[in-house]
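**Student:** Sequence unavailable; structure follows:
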């Protein structure tokens with residue numbers, strides 16, 4: 001390898017590292033006037049059929065207005081769209097499972113809230129993030145089961 005190609009690799013590598021997006025911190029959202037909420041997702045179980053279709057999902061959410069709130073869906077729509085979200089009981093939290101490929105999933109969480117006691121509700125806050133999962137065969141049926149390998153946290157933001 002000659003000196004020119006070594007220098008080009010070093011310069012391009014450094015510029016790519018500088019251009020890479022940096023993760024947002026909670027304080028960065030507060031500085032812009034956004035309201036924020038940290039949500040933790042635990043006890044996730046996702047059942048996947050032999051045809052690679054998610055047949056059920058269950059999990060627990062903890063956030064500003066929830067403590068181990070049970071959420072579940074049968075044959076959920078895998079989408080980030082709030083219209084496809086599944087409500088968690090009679091709470092103001094809902095969620096979507098998002099297929100990231102190769103038995104990897106993300107979750108989108110939405111928290112609807114009352115507009116200053118008016119009884120009208122705003123879409124409120126939402127956030128999306130990866131789930132910490134471990135997947136294994138579910139037995140002779142050819143399907144798989146993915147379970148939490150630890151808690152997953154994400155920031156919900158909104159104005």
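**Tutor:** Received it, and whenever you're ready, just let me know what you need. Since the structure is predicted, the reported quantities are computational estimates derived from the model, not experimental observations. Numbers count the residues shown, from 1 in each chain.

**Student:** show me where this structure has helices.
**Tutor:** 3-19, 26-31 (DSSP state H).

**Student:** any low-confidence regions in this protein?
**Tutor:** 1-34, 102-103, 114-123, 159 (pLDDT under 70).

**Student:** Sheet partners, orientation included, of the lengthiest strand in it?
**Tutor:** Assignment by DSSP state E gives strand 35-48 as the longest strand of the chain. Take DSSP bridges as the rule and strand 35-48 pairs in its sheet with strand 54-63 (antiparallel), strand 144-148 (antiparallel), strand 152-158 (antiparallel).

**Student:** If you count neighbours, what's buried in the first one?
**Tutor:** Neighbour counts over strand 54-63 (16 or more other CB atoms under 10 Å) mark 54, 57, 59-63 as buried. Yep, even glycine has a C-beta here, placed from its N, CA and C like the rest.

**Student:** got it, and stretch 83-95?
**Tutor:** 85-86, 88, 91, 93-95.

**Student:** now swap in stretch 132-143 and tell me
**Tutor:** Neighbour-count burial for stretch 132-143 [16+ other CB under 10 Å]: 133, 135, 143.

**Student:** with these in mind, which one is nearest to residue 71?
**Tutor:** residue 133 (15.7 Å; CB to CB).

**Student:** contacting residues for that closest one?
**Tutor:** Contacts for residue 133 (CB atoms under 8 Å, 6 or more residues apart in numbering) come out as 44, 46, 103-105, 146-149.

**Student:** Distance to residue 75 and neighbour count added to these, as JSON lines?
**Tutor:** Shown next, in JSON lines, are the contacts of residue 133 (distance: CB to CB, whole Å; neighbours: other CB atoms under 10 Å):
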{"residue": "44", "distance to residue 75": "17", "neighbour count": "23"}
{"residue": "46", "distance to residue 75": "12", "neighbour count": "23"}
{"residue": "103", "distance to residue 75": "18", "neighbour count": "15"}
{"residue": "104", "distance to residue 75": "20", "neighbour count": "13"}
{"residue": "105", "distance to residue 75": "15", "neighbour count": "21"}
{"residue": "146", "distance to residue 75": "16", "neighbour count": "21"}
{"residue": "147", "distance to residue 75": "19", "neighbour count": "13"}
{"residue": "148", "distance to residue 75": "21", "neighbour count": "18"}
{"residue": "149", "distance to residue 75": "24", "neighbour count": "12"}
